[in-house]
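Chemist: generate a structure from the sequence data that follows.
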Amino acid sequence: MTSLLFAPLRERRFRALVTGRTFADFANAVAPFALAFAVVDLTGSAVDLGIVVGARSIANVLLVLFGGMLADRLPRSVILQGTETAAALTQAAIAASVLLGFASIPLLVGLSLVNGAVSAISLPAAASLTPLTVPAPLLAQANALVRLLSNAGRIAGAGLAGVLVAFAGSGWALAGNAVLFLAAAVSYRRIHLPRGERIPGSRPLAELAEGWREFRSRSWVWLVVLQFMIVNAVNAGALLVIGPLVADDTFGRTGWGLALAVQTAGSLVGGVVAARWQPRRMLLIGVALVMVDALPILALGLTPYVLPLLFAMFLAGVAIEQFVVAWDVSLQENVPPEKLARVYSYDMLGSFVAMPLGQIAAGPLAEHAGRSATLLGASALVVAATAVVLVNPQIRGLVRHAPVSSG
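Modeler: Have a look, this model is predicted:
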């Protein structure tokens, strides 16, 4: 089974893709942690923190459809090289502002908007590139391995972020983050795809309309996206805004970095499970396991101590990984390749659109209703959104096309 899990690594293009994504995820694990505490050190305001992290999500929402259209028209590896280079430059600018003492909330908001725009353009290209780098029978293993190695990068990034922020400051963490984005850009240069990857397009609006028709034609697609509109908004507010504030008042910044690293360790274990266990109804099981994502929020609200939080974060990491692999395989098997990036972009738009609201609203809600009550309400929303989606017959009935035996 181990040889089956690592079989996609025999493909040179896949090795380059997974290396680039691992470096990028390493960097992305450092970025929000370091940025959050840079804002806390600057003003100490939950409202300011929500505005800064929300700015990145707003840019994601505004440009992700454009990113999907570009990824279906242009070489996706070239798009990723450019976006990772731009991400390195924006993070270097944020680091310089913190280290040299001229950081301000307007400046951090502006740079976060640019960084979010770059991310929006890269996400559909990265998500839709995997099927072009491996044979179809290895698709599930390839998605699981991408997630497995990317999560290894996140573990290292979360752990490094906690140490750097605690002992060297958020500015140095952001500077290291910029170097990691550059490493990702270099890795993507090694992906050389046939000319068939470049899909000629017509008018941009017509292409977006075609992608929308493909997206809405399957109820299992848009219902799961609606589910994650709520789940992602809740997590963005609870874990990116309220979480660092709870940590500062209780178990400390290093403990929060450890919690994020343990969640990613759970995702690492979950990736191994997803590669080995490929049930015919992958999507149904993956969607149901999203309920476990309420546990870390519940732990922060009821028992803000390190050990319960670590346990909850680990379980959530394992569970969410089952969903992510099932979701990617389901889309890649059922959506035509020439429309896949645009469907991914509508998926990302729906999943991201409420995140700024969750991030911006979390601070005022926590100040007026109390952190504990806000977190308990957030965990209930995750469970309710998942329960509603599970009644859909397409989600219950969707099966793998040709799963590879794990024996």
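Chemist: looking at the protein, which helix or strand is least sure?
Modeler: When each helix and strand of the chain is scored by mean pLDDT, DSSP states H and E, helix 2-5 comes last, with a mean of 60.
Chemist: contact partners for residue 273?
Modeler: Residue 273 sits next to 318, 321-322 when contact means C-beta atoms under 8 Å, 6 or more residues apart in numbering. Yep, even glycine has a C-beta here, placed from its N, CA and C like the rest.
Chemist: Serialize those to a markdown table and add fields for neighbour count.
Modeler: Shown next, in a markdown table, are the contacts of residue 273 (neighbours: other C-beta atoms under 10 Å):
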| residue | neighbour count |
| --- | --- |
| 318 | 21 |
| 321 | 27 |
| 322 | 25 |
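Chemist: need the phi and psi values for residue 281.
Modeler: phi -100, psi 60 (degrees, to the nearest 10).
Chemist: returning to that earlier point: so which of the contacts of residue 273 belong to helices?
Modeler: 318, 321-322 (DSSP state H).
Chemist: residue 188: which of the residues you listed is nearest?
Modeler: The shortest approach to residue 188 among these belongs to residue 321, at 23.6 Å (C-beta to C-beta).
Chemist: I figured the closest one hits residue 267, correct?
Modeler: Yes. Using C-beta atoms under 8 Å, residue 321 is in contact with residue 267, at 4.7 Å.
Chemist: what's the overlap in contacts for those two?
Modeler: In contact with both residue 321 and residue 267: 147, 151, using C-beta under 8 Å, 6+ apart.
Chemist: how about low-confidence regions in the stretch 251-400 of the chain?
Modeler: Counting by pLDDT under 70, the stretch 251-400 of the chain shows no low-confidence range.
Chemist: what packs against the host helix or strand of residue 96?
Modeler: If you go by DSSP states H and E, residue 96 is part of helix 76-99. On a contact count with 3 or more C-beta pairs under 8 Å, 6 or more residues apart in numbering; DSSP states H and E, helix 76-99 meets helix 12-42, helix 46-71, helix 105-129, helix 170-188.
Chemist: excluding sequence neighbours, find me the nearest residue to residue 329.
Modeler: Spatial nearest neighbour of residue 329, chain neighbours left out: residue 140 (5.1 Å); criterion: C-beta to C-beta, 6 or more residues apart in numbering.
Chemist: the one you found contacts residue 279, doesn't it?
Modeler: No. In this structure residue 140 lies outside contact range of residue 279 using C-beta under 8 Å: 11.0 Å.
Chemist: and stretch 316-335, how far out from the chain middle?
Modeler: 12 Å (C-alpha atoms, centre = their mean, to the nearest Å).
Chemist: buried residues, that stretch. List them.
Modeler: 316-333, 335 (16 or more other C-beta atoms under 10 Å).
Chemist: report the contact partners of the closest residue to residue 93 other than its chain neighbours.
Modeler: Once flanking residues are discounted, residue 93 sits nearest to residue 111: 5.6 Å by C-beta to C-beta, 6+ apart. Listed by C-beta under 8 Å, 6+ apart, the contact partners of residue 111 are 90, 93-94, 97.
Chemist: try 10 Å
Modeler: Neighbouring residues of residue 111 by C-beta atoms under 10 Å, 6 or more residues apart in numbering: 35, 52, 55-56, 89-94, 97, 103.
Chemist: quick one on the thing from earlier: compute the distance between the residue nearest to residue 329 and residue 168, please.
Modeler: 41 Å (C-beta to C-beta, to the nearest Å).
Chemist: which one of the two has more residues nearby?
Modeler: residue 140 (26 against 12; other C-beta atoms under 10 Å).
Chemist: and that one, which helix or strand is it part of?
Modeler: helix 139-167.
Chemist: what's that helix packed up against?
Modeler: When contacts are defined as 3 or more C-beta pairs under 10 Å, 6 or more residues apart in numbering; DSSP states H and E, helix 139-167 sits against helix 2-5, helix 12-42, helix 105-129, helix 170-188, helix 253-276, helix 306-334.
Chemist: and with 8 Å instead?
Modeler: Short answer (3+ C-beta pairs under 8 Å, 6+ apart): helix 139-167 packs on helix 2-5, helix 12-42, helix 170-188, helix 253-276, helix 306-334.
Chemist: for those, which one sits closest to residue 60?
Modeler: Per C-beta to C-beta, nearest to residue 60 of the helices and strands packed on helix 139-167: helix 12-42, 12.4 Å.
Chemist: could you dump the contacts of residue 273 to CSV with distance to residue 388?
Modeler: Formatted as CSV, those follow (distance: C-beta to C-beta, whole Å):
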residue, distance to residue 388
318, 23
321, 23
322, 19
